[in-house]
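S.K.: what would the 3D arrangement of this be:
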Amino acid sequence: MSPDRLDHRGNPDHRIRVLVVDDEQPALDELSFLLEADDRVSSVVTAATATEGLRILRETDVDAVFLDIQMPGLSGLELAEVLGRFKEPPPVVFVTAHEQHAVEAFELHAVDYVLKPVREERLAEAVRRVLAGGGRRSAPEDAQIAVERGGVTRFVDRGSISYVEAQGDYARLHTRGGDSYLVRIPLSTLEEEWRSAGFHRIHRSLLVALAHIDELRTESGRCSVLVGEAELPVARRHTRELRDVLVRRARDS
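M.R.: Here you go, the predicted structure:
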């Protein structure tokens, strides 16, 4: 966000300037109206196509982009992918009538995913998330992961995930409560993106949340960790590093 912006009294203005992109004029007008009514929003710029939105972003400083997905020409997802290559990508909130793109949206580090018709209180929550996350590229510690089960998109708190298991190009998320969800994200991607949140590779097919490890076991030269009811093998090449990480966590706690 622009830290040097001032309000009408000459004080720092922490409100955000928003770009809204939607090819349907009624939806564009409604979303703009709702955002302009929010005291945390200083101004709203609009675009009827993703291409026009990209041009505006190259010429104008905005703090967040509220973006439709299905548009003629460049789609919202494609625009978000382009924005991800910016040196300082603006936070993106998808606003769409289609639930099925939620997983793709969060793979692109979307701050939020709002379904149409847009409710005022739901949009207010999206603005809150933008302000809480700022322009950070990585997901916040309390990030929610979009998962699909039985045709329904759900949002799972990352903090509830105890370990992740590789399944080809997919990954299965296992929660402390015993639920599991398949997501279309390679384990290597999750390892890189979730490292700062305390997830650690212990095996070529396993990623574990350090906070959920209950025991570290060694028997006949082989190491494993107990995570809830699951006992997970630790590969030899990861054993020493895992021990060191757990010792540091225990020392610092």
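S.K.: can you tell me which helix in this structure is longest?
M.R.: helix 236-252 (DSSP state H).
S.K.: now that one - C-alpha only, CSV.
M.R.: Output in CSV follows, covering the C-alpha atoms of helix 236-252 (Å, rounded to 0.1, in the frame of the first residue of the first chain):
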residue,chain,number,x,y,z
ARG,A,236,17.3,-41.2,7.0
ARG,A,237,18.4,-38.1,5.1
HIS,A,238,15.8,-36.0,6.9
THR,A,239,16.3,-37.4,10.4
ARG,A,240,19.2,-35.2,11.7
GLU,A,241,17.6,-32.0,10.3
LEU,A,242,14.3,-32.9,11.9
ARG,A,243,15.9,-33.5,15.3
ASP,A,244,17.7,-30.2,15.1
VAL,A,245,14.6,-28.3,14.1
LEU,A,246,12.6,-29.9,17.0
VAL,A,247,15.4,-29.1,19.5
ARG,A,248,15.5,-25.5,18.4
ARG,A,249,11.7,-25.2,18.7
ALA,A,250,11.7,-26.7,22.2
ARG,A,251,14.6,-24.4,23.2
ASP,A,252,12.8,-21.3,21.9
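S.K.: that helix: how far from the chain's middle?
M.R.: 27 Å (C-alpha atoms, centre = their mean, to the nearest Å).
S.K.: for that helix, give the mean pLDDT please.
M.R.: Mean pLDDT, helix 236-252: 83.
S.K.: against which helices or strands is it packed?
M.R.: Under the contact definition 3 or more C-beta pairs under 8 Å, 6 or more residues apart in numbering; DSSP states H and E, helix 236-252 sits against strand 199-203, strand 215-219, strand 222-227. Quick note: C-beta positions are derived from backbone N, CA and C, even for glycine.
S.K.: ok, which of these comes nearest residue 238?
M.R.: Closest approach to residue 238 among the helices and strands packed on helix 236-252 is made by strand 199-203 (5.1 Å; C-beta to C-beta).
S.K.: what residues does the closest one touch?
M.R.: 164, 190-191, 207-210, 225, 232-235, 238, 242, 245 (C-beta atoms under 8 Å, 6 or more residues apart in numbering).
S.K.: got it, and stretch 161-174?
M.R.: Residues contacting stretch 161-174 (C-beta under 8 Å, 6+ apart): 145, 147, 156, 175-176, 180-187, 190, 199, 204-209, 212, 227-228, 230, 232.
S.K.: now with 6 Å, please.
M.R.: Under the criterion C-beta atoms under 6 Å, 6 or more residues apart in numbering, residues 175-176, 180-187, 190, 205, 207-209, 212, 227-228 lie in contact with stretch 161-174.
S.K.: circling back to that earlier point, list the buried residues of the longest helix of the chain.
M.R.: By neighbour count on 16 or more other C-beta atoms under 10 Å, the buried set for helix 236-252 is 238, 239, 242.
S.K.: can you redo the residues you listed as a markdown table with distance to residue 76?
M.R.: Below are the buried residues of helix 236-252 laid out as a markdown table (distance: C-beta to C-beta, whole Å):
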| residue | distance to residue 76 |
| --- | --- |
| 238 | 39 |
| 239 | 45 |
| 242 | 40 |
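S.K.: okay, now residue 149: neighbour count?
M.R.: 11 (other C-beta atoms under 10 Å).
S.K.: so where do the helices sit in the protein?
M.R.: Counting by DSSP H, one finds helices in the chain at the ranges 25-36, 50-59, 76-83, 102-107, 120-133, 187-194, 236-252.
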